[in-house]
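1. task: produce atomic coordinates for the following.
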Amino acid sequence: MSRSVMTRNGQAFLARLDEEEKVIKAKADTYNKLLQTDDNRLTDDIRSDINAAIGEVNLLLKGKLKQFRGLCQANVSKSTTPAGEPTPLDSDLEGFWDITYPLIDKVKVKFSKLDARKAKQWAPMEDEYDPNDVNNRPRIIDDRLKQLQPHQNKSKVSSSKPANDDLKKLIQERRKAAANAANQNDDVEIFVGPK
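-> Predicted coordinates for the structure are as follows:
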């Protein structure tokens, strides 16, 4: 199966990078301004989601996208990278873009979910979580975890109290018996073996 692949050079990637950065920066700025308002519909969870999306944009801009921009500029100027590595080839840029673009797309998806919630006056969405995103799964407590959690049910506490009382009585009786046995054996005999 063959497919034709159009190889892009550093100039093409710089143009694409500029477009993508412009889009995610605009979204981040819009939502940052929204956070500055006193909208009481913005619950702590919504504010947290907005801050997470803005934070991801900032990390991308200062991390992967900045690094990719440096590679593209080195490709265009046919010089070594700022880290002193050889000039990146067009195929190197393609590979780096294939790794980087899903991160941009993920941020765009987060903003589109925020847009959908905003359009519905911040009402929760039906399918708001991605089951493949371990950071965004609902917490499911199975029976094993329920057993480890402290019980708030008073009936269980009261039913276990007589058992605890019985255990305490048993321990006290054994201690008394051991003390009586020690007092009865005041005579100490010492056995010495033959020499």
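2. backbone dihedrals for Gln121, please?
-> Per-residue torsions, Gln121: phi 60, psi 40 (degrees, to the nearest 10).
3. ok, now which ones touch it?
-> Arg41 (C-beta atoms under 8 Å, 6 or more residues apart in numbering). To be clear about C-beta, it is placed using only N, CA and C from the backbone, and glycine gets the same treatment.
4. and Val57, by the same measure?
-> Val57 touches 24-25, 27-28, 107, counting by C-beta under 8 Å, 6+ apart.
5. greatest separation within those: which pair is it?
-> Greatest spacing in the contacts of Val57, by C-beta to C-beta: Lys25 and Val107 (10.6 Å).
6. of these two, who's got more company?
-> Counted by other C-beta atoms under 10 Å, Lys25 and Val107 do not tie: Val107 has more neighbours, with 23 against 13.
7. ok, the more buried one to Gln121 distance?
-> Going from Val107 to Gln121 by C-beta to C-beta, to the nearest Å gives 23 Å.
8. so Ala53 makes contact with Tyr31?
-> Yes: if you go by C-beta atoms under 8 Å, Ala53 and Tyr31 touch, sitting 6.7 Å apart.
9. which neighbours do those two share?
-> Here Ala53 and Tyr31 have 111, 114 as joint contacts, going by C-beta under 8 Å, 6+ apart.
10. helices along the chain, start to end?
-> For the chain, the helices defined by DSSP state H cover 10-36, 44-62, 64-77, 90-119, 143-148, 154-184.
11. need the winner for burial among these.
-> Comparing the helices of the chain by mean neighbour count (mean count of other C-beta atoms under 10 Å), helix 64-77 ranks first with a mean of 18.
12. how far off centre is that helix?
-> With C-alpha atoms, centre = their mean, to the nearest Å as the basis, helix 64-77 stands 30 Å off its chain's centre.
13. other SSEs contacting it?
-> helix 10-36, helix 90-119 (3 or more C-beta pairs under 8 Å, 6 or more residues apart in numbering; DSSP states H and E).
14. now the first one and helix 44-62, what's the angle there?
-> Helix 10-36 runs at 150 degrees relative to helix 44-62, counting by axes from the mean of the first three to the mean of the last three C-alpha atoms, to 10 degrees.
15. residue ranges with poor pLDDT in the protein?
-> Applying pLDDT under 70 to the chain flags the ranges 1-7, 82, 125-161, 182-191, 193, 195.
16. so who does Thr80 touch?
-> 74, 86-87.
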